[in-house]
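Visitor: Compute the structure for the input listed below.
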Amino acid sequence: MIEDKNGDLLVEKEEAYVILPTTEEELIFAISVKDEDPIDPVLLYDGGDHALLYRSKSDVVILDFLPEKIKERLDGIDKAYIVEIDYRVKKLKQDYEAIVELVKEYPFDLTSYIS
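Guide: Here you go, the predicted model:
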């Protein structure tokens, strides 16, 4: 995890994640398990190559380099499904919905977090 400059925000780049599109035009994001439970999760998307999963107001996961088909689908949905998996024991820890919000720009500069 990387602590943002203002000290209030924990930002983590998700190194490996899976996106599963469903036949109902929904999206499921499978990410690695996190320490804290999500509180009012929101997925921010600006139309570019990355999305921000705000698991809470102070816990952010960067979903890096979204595939083109996923970017197109994100532009038209209201919610996404998140599953957190403990890959060490190959077990689902939790699943939840995140509201998808389209934004013009992200609340902080991503350049120092992405490669």
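Visitor: and Arg73, helix, strand or coil?
Guide: helix (DSSP: H, G, I helix; E, B strand; the rest coil).
Visitor: just checking, Lys69 is part of a helix?
Guide: Yes: under three-state DSSP, Lys69 sits within a helix.
Visitor: That one - how many residues pack around it?
Guide: When neighbours are counted by other CB atoms under 10 Å, Lys69 registers 10. Placement of C-beta: from N, CA and C, glycine included.
Visitor: swap in the one 10 residues further on?
Guide: Using other CB under 10 Å, Lys79 has 14 other residues around it.
Visitor: residues contacting it?
Guide: Lys79 is in contact with Glu26, Glu97, Ala98, Ile99, Val100, counting by CB atoms under 8 Å, 6 or more residues apart in numbering.
Visitor: Greatest separation within those: which pair is it?
Guide: Farthest apart among the contacts of Lys79 by CB to CB are Glu26 and Ile99. That separation is 13.2 Å.
Visitor: hmm, back to that, next step: the contacts of Lys79 restricted to strands.
Guide: Residues of the contacts of Lys79 located in strands (DSSP state E): Glu97, Ala98, Ile99, Val100.
Visitor: I'd like to know which of these are buried.
Guide: Ala98, Val100 (16 or more other CB atoms under 10 Å).
Visitor: List just the nearest of the ones in strands among the contacts of Lys79 to Lys13.
Guide: Ala98 (17.3 Å).
Visitor: Now that closest one: closest residue in space that isn't a chain neighbour?
Guide: Residue nearest to Ala98 in three dimensions, not counting chain neighbours: Pro41, with 3.9 Å by CB to CB, 6 or more residues apart in numbering.
Visitor: Could you give the number of residues near the one you found?
Guide: Pro41, neighbours per other CB under 10 Å, totals 19.
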